[in-house]
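Trainee: could you work out the structure for the sequence below:
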Amino acid sequence: MNTDDLIDELGRQATPASPLPAPSWRTAVWMLWSVVYMVVVAIVMLAGTSAAGITITPLYLLQQGAAVMTAITAARAALGSVIPGTAAGLWTRPAVSAGVWVALMLWNARLDARAAGTLGIASHTDWPCVASMMVGGIVLGGPLVWMLRRGAPLTPRPTAFLAGLAAVSMANIEACLLRPHAFASTVLLWHGVTAVVIACVFAALGRRWLRWPAADRSYLTAR
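Mentor: From the prediction side, this is the model:
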């Protein structure tokens, strides 16, 4: 097939592609799903447990706010990374939000140590929250990965890591929502390690989940 025939064949077989909605809009859609999930989990947990043991403090609200910002910025960065030509620096905002989140937890742990004389690391475990975060990571991360597959995954592993970070950040809020924690160090250690592990698992599976679709090469055999 000569070049003119090939161009003509490609022009006749090409189908128009609809552009993806803006990353901000897609992030808002994913956040809506996350909020619905958290409300359902909260209702189920309230039906079987009591939230009387939870103390809402300004520091607690700041921590949850930092977790929400980490989820939003990480999801926005992941969805932006599958659009060719997106401006660099996608990691900046999620990194800053995550850093603020960790700093608030460390400050809370310092206050606990001054008040109780211990960090409480050796005396408390948090397996229920670990299990809850794992389930939440799957429920919230699955739709986000599906949304990412509609774009161009130029950097599948970093993109998948951001998706995992977004999902587990929201899942952390759900895990802390109705379960009191005596020490902030418990949250920092158990939730922090779980979040890193889940995000790294997403990154490890990024190339499998975010693969380019097989190209249609039928035109090469056209006559």
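Trainee: every contact and neighbour count from this point should use C-alpha atoms.
Mentor: OK.
Trainee: how many neighbours does the residue nearest to Ala98 when sequence neighbours are not counted have?
Mentor: Among residues not flanking Ala98 along the chain, Thr70 sits closest, at 5.6 Å (C-alpha to C-alpha, 6 or more residues apart in numbering). Per other C-alpha atoms under 10 Å, the neighbour tally for Thr70 reads 28.
Trainee: specify the local secondary structure of Thr70.
Mentor: helix (DSSP: H, G, I helix; E, B strand; the rest coil).
Trainee: list the contacts of it.
Mentor: Contact analysis of Thr70 by C-alpha atoms under 8 Å, 6 or more residues apart in numbering lists 93-95, 97-98, 165-166, 169.
Trainee: need the buried ones from those residues selected in PyMOL.
Mentor: In PyMOL, this line selects whichever of the contacts of Thr70 come out buried by 16 or more other C-alpha atoms under 10 Å:
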select buried, resi 93+94+97+98+165+166+169
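Trainee: any idea which of the contacts of Thr70 is the one closest to Ala131?
Mentor: Ser169 (14.1 Å; C-alpha to C-alpha).
Trainee: torsion angles phi and psi at the closest one?
Mentor: phi -70, psi -40 (degrees, to the nearest 10).
Trainee: what's near enough to touch it?
Mentor: 67-68, 70-71, 195.
Trainee: after the lowest-mean-pLDDT helix or strand in the chain, next one along is what?
Mentor: The weakest-scoring helix or strand in the chain, judged by mean pLDDT, DSSP states H and E, is helix 3-13 (a mean of 75). Proceeding N to C from helix 3-13, the next assigned helix or strand is helix 23-48, under DSSP states H and E.
Trainee: so which elements touch that next one?
Mentor: helix 58-81, helix 127-148, helix 156-177 (3 or more C-alpha pairs under 8 Å, 6 or more residues apart in numbering; DSSP states H and E).
Trainee: burial of Thr3, as a residue count?
Mentor: Thr3 has 8 nearby residues by other C-alpha under 10 Å.
Trainee: name the nearest residue to Thr125, sequence neighbours excluded.
Mentor: That would be Thr186: by C-alpha to C-alpha, 6+ apart, it lies 6.9 Å from Thr125.
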